[in-house]
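Visitor: all I have is the shape, not the residue letters:
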């Protein structure tokens, strides 16, 4: 029987010899197939079949004539993008482009990391996160933002914060603490992804649930999270416990929050809690949540003594620090101040001032000046007044503690480069405010876009925690109606200096021009809120890396005009954050407070007076007097005292002050700690521009001297 030979397709054989094998991204070797190029062009870009054929043929010809020894999917895609650009199909090229990074960039992450977020350090998880962040940023620029919006960010006219999370996550949130206390962990209906735990019957378990829930949520927000009225809402949970037991409950919560590497990008859980020594008026008549998820019949007014004791217990845990006596950076303790409370609870506030003198941790929120007991703060000092957001919500009952859970936050923040506006307008008032309006309109459109993106993600269950309802109800956990759209700004001082010839502190003319700029921005936000029935907020964005990034871009585009601070030679430059005076301006502490605080009623959100203290161990009684003087005699909404610390990398001890040798063991192997913007971090993890600011740009005040002024 004759053996039949296999029929060979000569054309196919020739093609296999002409074209090298293709290395796929999956690691396989495949035969070259031009049809795959043709089909993917039509599918991904939407161009016509005839145009797809032209591009495919052009790419095939180039492969044949190039003598390329190997092909890969990314290489073929690059060739297609080149041809699309040459043929003028720019939108198609944009859709067909590949997002990723050069090998050298990834190796830089491996060796040096990224100096953008001081709450991150180099480890496998952060390296992986930085690589993923780059892809997410590119995706948002290519597919979610218009060319005008993307270019404005790239050129530094504006800065879109947390761009790496623009496609998926809201910004920050204040969580109603009653939710995890009432419903266990997670407190949401139909949660299949982890184990579900019933409501806590013991106070320390309740504390663990509260902390762990913030850890859960960090994976679906890009910014900070917080619990408002923490001591008040926890008061019924710790009722009938001894002081020692109350302190143990506080320790469980604080220690859990500070476990490293549990949340996005290997960060600590960026969080805050607001503390009051008594029950705020807004909670007095609200039925109390107790252990086991029981409600009432008692109201929170019945637990004032427990609130006071728990307030002290939380302070004691912060005062002790960890095993090495090192302070806990999170959750940030935010103290709500009222003159009456200070008189009624002097022993409680003694602990606040002792904590401030020892570690500089507390932030002070001056309710008497703000004139509103219901101010929710989280992230880096973003304030939300439920009364303000309520104006633009169709269901006002969402904001009443008696009827609902009150979760407030911000979806997104976009900041304006204010110095750039001054450089472009070149002293022309009309052009200055025309450009200001244009940039605010651009920011507004980006924020509305983000609103629709998050709405879509919620509807399609891409935010699995946030899209769910709270256990035992049909109430949404995350409600878009209760979110703010935030517009920030950087470098008002440098903008005013270029436009008027003087800094904010140097003349009434320059200061009034700064006020005029802020009023215009505030009024525009109000106009947007009315027009779009959504709360637009002007706020002092902390600008951890933004102030450095846009200063560098201004040096590039306006080298003869840019009034940057820092070291131009090393490129470690920056602008002053938001509406602050230059940090080393030759003004007294109270002059700084008085001038900056005049902006607070205009901006209202995120405002702060940062006060850097020069003494290593300030006297707490002196600090108390100074704090009372600020609270009673200035219009300041919010402030914090910041200390510097020397960190010994040998013995692990922290020492207040800046030393060349460890005061405990004498080692020279040191790092340092200070507030970067809204939280303490190691100086070695600061962005380069913030290191320069810390070294040379901060006026450190003498406490005793300023008390005498």
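Guide: Yep, that arrived. All figures in this text were calculated on a predicted structure; none of them were measured in a lab.

Visitor: helix or strand right after the strand or helix carrying residue 254?
Guide: According to DSSP states H and E, residue 254 maps onto helix 243-257. The C-terminal neighbour of helix 243-257 among helices and strands, as given by DSSP H and E, is strand 271-275.

Visitor: for the protein, where's the lowest mean pLDDT among helices and strands?
Guide: strand 382-385 (a mean of 52; mean pLDDT, DSSP states H and E).

Visitor: so residue 684 touches residue 669, yeah?
Guide: No: checked against Cβ atoms under 8 Å, the pair residue 684 and residue 669 is beyond contact range at 11.9 Å. C-beta coordinates here come from the backbone N, C-alpha and C atoms, glycine included.

Visitor: got a pLDDT number for residue 14?
Guide: Listed pLDDT for residue 14 reads 57.

Visitor: hmm, I was thinking of residue 72
Guide: 86.

Visitor: now do it against residue 679, distance only.
Guide: 44 Å (Cβ to Cβ, to the nearest Å).

Visitor: low-confidence ranges in the stretch 151-300 of the chain?
Guide: Within the stretch 151-300 of the chain, the ranges that satisfy pLDDT under 70 run 260-263, 265-266.

Visitor: show me the helices in it, by range?
Guide: Taking DSSP state H, counting those that start in this stretch, the helices of the stretch 151-300 of the chain run over residues 178-183, 203-218, 230-234, 243-257.

Visitor: do the same with the stretch 501-650 of the chain
Guide: 508-532, 546-557, 589-597, 600-603, 620-633.

Visitor: redo the ones you listed as CSV? Include mean pLDDT, distance to residue 480 and mean neighbour count.
Guide: Formatted as CSV, the helices of the stretch 501-650 of the chain follow (pLDDT from 0 to 100; distance: least, Cβ to Cβ, whole Å; neighbours: other Cβ atoms under 10 Å):
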stretch, mean pLDDT, distance to residue 480, mean neighbour count
helix 508-532, 98, 13, 17
helix 546-557, 96, 26, 22
helix 589-597, 95, 33, 20
helix 600-603, 94, 24, 20
helix 620-633, 94, 36, 17
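
Visitor: between these, which one is closest to residue 371.
Guide: helix 600-603 (9.7 Å; Cβ to Cβ).

Visitor: list the contacts of residue 193.
Guide: Residue 193 is in contact with residue 464, counting by Cβ atoms under 8 Å, 6 or more residues apart in numbering.

Visitor: circling back to that earlier point, who's more crowded, residue 72 and residue 679?
Guide: residue 679 (22 against 14; other Cβ atoms under 10 Å).

Visitor: give the buried residues for the helix or strand residue 430 falls within.
Guide: Using DSSP H and E, residue 430 maps to helix 429-459. Residues 432, 435-436, 439-440, 442-444, 446-451, 453-454, 457-458 are the ones in helix 429-459 that count as buried (16 or more other Cβ atoms under 10 Å).

Visitor: before we move on, back to that, now the helices of the stretch 151-300 of the chain in TSV, with mean neighbour count and distance to residue 583?
Guide: Shown next, in TSV, are the helices of the stretch 151-300 of the chain (neighbours: other Cβ atoms under 10 Å; distance: least, Cβ to Cβ, whole Å):
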stretch	mean neighbour count	distance to residue 583
helix 178-183	23	39
helix 203-218	22	30
helix 230-234	27	31
helix 243-257	19	29
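
Visitor: thought residue 206 was touching residue 237?
Guide: Yes: taking contacts as Cβ under 8 Å, residue 206 lies within contact range of residue 237: 5.1 Å.

Visitor: who touches both of these two?
Guide: 181, 200, 249, 291.

Visitor: residue 585: which of those residues is nearest?
Guide: residue 249 (44.3 Å).

Visitor: check contacts around the closest one.
Guide: By Cβ under 8 Å, 6+ apart, the neighbours of residue 249 are 203, 204, 206, 207, 234, 237, 238, 241, 310, 313.

Visitor: the nearest residue to the third one once chain neighbours are set aside: what's it in contact with?
Guide: Of all residues not flanking residue 206 in the chain, residue 200 sits nearest, at 3.8 Å (Cβ to Cβ, 6 or more residues apart in numbering). Taking Cβ under 8 Å, 6+ apart as the criterion, residue 200 is in contact with 181, 184, 206, 208, 209, 237, 291, 292.

Visitor: domains of this protein?
Guide: 10-96, 172-378 (automatic domain parsing).

Visitor: which one of the ones you listed lies nearest to residue 644?
Guide: If we rank these by Cβ to Cβ, the stretch that ends up nearest is domain 172-378, at 8.8 Å.

Visitor: which one is residue 567 nearest to, not counting chain neighbours?
Guide: Nearest non-adjacent residue to residue 567 (Cβ to Cβ, 6+ apart): residue 692, at 5.8 Å.

Visitor: go ahead and confirm the one you found touches residue 571.
Guide: No: at 9.7 Å, residue 692 does not count as touching residue 571 under the criterion of Cβ under 8 Å.

Visitor: look up the closest residue to residue 42, ignoring the ones flanking it.
Guide: residue 52 (5.0 Å).

Visitor: and the helix or strand hosting the one you found, average pLDDT?
Guide: Element membership for residue 52, per DSSP H and E: helix 49-66. For helix 49-66, the mean pLDDT works out to 92.

Visitor: what's the top strand by length along the chain packed up against?
Guide: In the chain, taking DSSP state E as the definition, the longest strand is strand 408-417. Judged by 3 or more Cβ pairs under 8 Å, 6 or more residues apart in numbering; DSSP states H and E, the packing partners of strand 408-417 are strand 158-160, strand 172-175, strand 382-385, helix 429-459, strand 483-490, helix 546-557.

Visitor: redo that, cut-off 6 Å
Guide: Secondary-structure packing of strand 408-417 (3 or more Cβ pairs under 6 Å, 6 or more residues apart in numbering; DSSP states H and E): strand 158-160, strand 172-175, helix 429-459, strand 483-490.

Visitor: burial of residue 343, as a residue count?
Guide: For residue 343, using other Cβ under 10 Å, the count is 9.

Visitor: repeat that for residue 171.
Guide: Counted with other Cβ under 10 Å, residue 171 comes out at 26.

Visitor: hang on, isn't it packed against residue 410?
Guide: Yes: assessed by Cβ atoms under 6 Å, residue 171 is found in contact with residue 410 at 4.4 Å.
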